[in-house]
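Engineer: Need coordinates for the below:
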Amino acid sequence: MLAEMVIDGMDVAEDGSTPDLAGALLARIADDGDQRAFADLYDMLAARVFGLVLRVLVDRAQSEEVLQEVFLEVWQTAARFAPNKGQGRTWVFTIAHRRAVDRVRSAQSAAARDVRVGHRDLDVAHDGVAEQVELQIEGERVSRALRVLPEAQREAIVLAYYGGYSQSEIAALVGSPLGTIKTRMRDGLSRLRTEMGVAS
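Structural biologist: Numbering: from 1, shown residues only. Sure, this is the predicted structure:
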């Protein structure tokens, strides 16, 4: 069994590979509600999840609330994690990003309601529903396009754009050379543009 060391809060084996410790902890949580595994997962990922959420929401108080919501969802839905579809930490980060975006949309929706009331009082037409539908459709298009990418490319892009990691940090996290990460991101973004019909 390879000895492991911790780099920047993530486990890396001596051979440079990255065992999916988050995935293993999720499996223990799913199998028997292992509270120790949940605590270990929280300790491993909470700071990064909070950073991701804070980048989206900016507001610390709301970010702390969303952090709690994320780990509550992880606890309740750990059995939905599919190890054959990606790393455990990526699954958690995806939940965090979705929760943060949902919170932003909720705030936007509340603001839009206030604006609509104001516009109604001024007899000005406003189609907030169409805007929300358009945002949701665009988000779904991005999610579908991401699912088409190979796992390595998808993970690099999710960590960079949803997790806020630099390419050097991603290289350390996944145990791959920096040049490999740059290539994965370049190829992945090119494929995303193609899938979404965006001109290069």
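Engineer: Run through who's touching stretch 60-70.
Structural biologist: For stretch 60-70, the external contacting residues (Cβ atoms under 8 Å, 6 or more residues apart in numbering) are 46, 49, 50, 53, 54, 57, 92, 95, 96, 99, 100, 103. For the C-beta atoms, the positions are set from N, CA and C on the backbone; glycine is no exception.
Engineer: Return the set of buried residues in the host helix or strand of residue 194.
Structural biologist: Per DSSP states H and E: residue 194 is located in helix 178-196. Within helix 178-196, the residues that count as buried by 16 or more other Cβ atoms under 10 Å are 181, 184, 185, 188, 189, 191, 192, 195.
Engineer: I'd like these as JSON lines, with distance to residue 65 appended.
Structural biologist: Shown next, in JSON lines, are those (distance: Cβ to Cβ, whole Å):
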{"residue": "181", "distance to residue 65": "32"}
{"residue": "184", "distance to residue 65": "34"}
{"residue": "185", "distance to residue 65": "31"}
{"residue": "188", "distance to residue 65": "32"}
{"residue": "189", "distance to residue 65": "32"}
{"residue": "191", "distance to residue 65": "35"}
{"residue": "192", "distance to residue 65": "31"}
{"residue": "195", "distance to residue 65": "34"}
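Engineer: buried stuff in stretch 95-102?
Structural biologist: 95, 96, 97, 99, 100, 101.
Engineer: ah, wrong one, I meant stretch 155-162
Structural biologist: Of the residues in stretch 155-162, those buried (16+ other Cβ under 10 Å) are 155, 156, 157, 158, 159, 160, 162.
Engineer: Run through who's touching that stretch.
Structural biologist: 52, 86-87, 90, 93-94, 96-97, 146, 149, 165-167, 169-170, 173-174, 181, 184-185, 188-189, 192.
Engineer: Run a quick check on residue 104 versus residue 57, I expect a contact.
Structural biologist: Yes - if you go by Cβ atoms under 8 Å, residue 104 and residue 57 touch, sitting 6.6 Å apart.
Engineer: So the two - more neighbours on which side?
Structural biologist: Each of residue 104 and residue 57 has its neighbours counted (other Cβ atoms under 10 Å); residue 57 has more, 20 against 16.
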